[in-house]
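Asker: Sequence and predicted structure below; questions after.
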Amino acid sequence: MKGKLFIIGTGPGAPPIRTFRMVEAIKQSDVIVAYTTYAKLIGDLVDGKEVITARMKEELYRARVAIQKVQEGKVVSLISSGDPQVYGMASPALEMMCKNNLELDFEIVPGVTAALAAAARLGSPLAMDFASISLSDLLVPAEEILHRIKKAAEGDFVIVLYNPINKPLLERAMAIISEYRKPETPVGIVKSAYREDEQVIITNLSDWKKHEGVINMITTMIIGNSRTYTCNGKMITPRGYDRRYSFELNNDS
Ligand code: SAH
């Protein structure tokens, strides 16, 4: 009996933007290990399987049980929302295998990460270089996070903020970004992308605080770069075609 570990991303929520590989992997699994809320996201796929849930902040517990089950010969799916590599379970699971000198059979199954899901709802804000920064200071000191914010703002990267729920840190981050960008710089706020209670807001650097109520555990924010604008109610970051070509419809270039 040979076990295998699937480290899976469920995508942001709704079944239509799951990957085929993710559904296939869960179907092949004997055991599902997930944070309680994520287990609900895949509830339709887990009938008859052993489901082990754990609370937030128990990532290492989840990685440990998943690995132990694989050692028992089980096929196990370790679940993250979005993509498992982006602030998800892939890195802690690989570290746990590495530090214990375990060479288990494993496969990482990518998923649509919140940045891409949120961006799709907002228009096309990520067409140029972007930086993704998590505002969770549970594992990374706040000062280090704010240092990255400063550098990303200075570098004119579009900035994607994961975990913006930490309001005092969010306010400090937005203040730093505002030192480098105009007050009218578009800011997108997406709550529960691709879930039932989805909310999509496009505001700007001077007004974003009016929408603070939308910012919860499942909200992602995207701050445009110096060239990002809004048109037809969507955020657009120019790729740069306007610098070389014409957008006229009756033009062949
Ligand atoms: N692995 C996940 C990220 C986990 S960190 C991924 O790749 O998407 C948790 C953060 O992800 C949340 O605080 C929020 O910022 C973001 N997030 C997760 N699901 C989301 C959704 N459906 N809509 C908007 N943001 C989401």
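Answerer: It's in.
Asker: contacts and neighbour counts: CA atoms only from here.
Answerer: Fine.
Asker: Need the phi and psi values for residue 236.
Answerer: Here is the backbone geometry of residue 236 (degrees, to the nearest 10): phi -130, psi 130.
Asker: and what of residue 52?
Answerer: phi -110, psi 120.
Asker: Quick check: the gap between the residue nearest to it when sequence neighbours are not counted and residue 117.
Answerer: Counting by CA to CA, 6 or more residues apart in numbering, residue 52 lies nearest to residue 33, which is 4.8 Å off, once chain neighbours are set aside. Distance, residue 33 to residue 117, using CA to CA, to the nearest Å: 24 Å.
Asker: Settle it for me: which of those two has more neighbours?
Answerer: Neighbour count, other CA atoms under 10 Å: between residue 33 and residue 117, residue 33 has more, with 24 against 20.
Asker: thinking again about what came up before, quick check: bridge partners of the residue nearest to residue 52?
Answerer: Beta-bridge pairing of residue 33 under DSSP bridges involves residue 52, residue 78.
Asker: May I have the predicted confidence score for it?
Answerer: Residue 33 carries a pLDDT value of 96.
Asker: my guess is it meets residue 61, correct?
Answerer: No. If you go by CA atoms under 8 Å, residue 33 and residue 61 don't touch, sitting 9.9 Å apart.
Asker: Give me the common contacts of the two.
Answerer: Taking CA atoms under 8 Å, 6 or more residues apart in numbering as the criterion, residue 33 and residue 61 both touch residue 54.
Asker: Which residue ranges of the stretch 51-200 of the chain form helices?
Answerer: Along the stretch 51-200 of the chain, counting by DSSP state H, counting those that start in this stretch, helices occupy 59-71, 90-99, 114-122, 142-154, 167-180.
Asker: Please identify which of these is closest to the ligand.
Answerer: The closest of the helices of the stretch 51-200 of the chain to the ligand is helix 114-122. By CA to the nearest ligand atom, the value is 3.7 Å.
Asker: counting contacts, what elements does that closest one pack onto?
Answerer: Counting contacts by 3 or more CA pairs under 8 Å, 6 or more residues apart in numbering; DSSP states H and E, helix 114-122 is packed against strand 158-162, strand 186-191, strand 199-204, strand 219-223.
Asker: can I assume residue 11 is in contact with residue 17?
Answerer: Yes. Counting by CA under 8 Å, residue 17 is a contact partner of residue 11 at 6.4 Å.
Asker: Pick out whichever of the two has more residues nearby.
Answerer: Counted by other CA under 10 Å, residue 11 and residue 17 do not tie: residue 11 has more neighbours, with 27 against 14.
Asker: Could I get the contacting residues of that one?
Answerer: 17, 18, 19, 81, 82, 83, 111, 112, 113, 114.
Asker: If we check the ligand, which of the residues you listed are in contact?
Answerer: The subset of those within reach of the ligand, counting by CA under 6 Å from any ligand atom, consists of 81, 82, 83, 113, 114.
Asker: would you turn these into TSV with pLDDT?
Answerer: Formatted as TSV, these follow (pLDDT from 0 to 100):
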residue	pLDDT
81	94
82	96
83	98
113	98
114	98
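Asker: Around the ligand, pick out the residues from the stretch 51-200 of the chain.
Answerer: Residues of the stretch 51-200 of the chain lying near the ligand by CA under 6 Å from any ligand atom: 80-84, 86-88, 113-114, 118, 162-163, 190-194.
Asker: which sections of the stretch 151-253 of the chain are below the confidence cut-off?
Answerer: For the stretch 151-253 of the chain, applying pLDDT under 70 flags the ranges 252-253.
Asker: Does residue 118 touch residue 190 like I think?
Answerer: Yes. Applying CA under 8 Å, one finds residue 118 in contact with residue 190, separated by 5.7 Å.
Asker: By neighbour count, sort out the buried ones in the contacts of residue 11.
Answerer: Neighbour counting with 16 or more other CA atoms under 10 Å marks 18, 19, 81, 82, 83, 111, 112, 113, 114 as buried within these.
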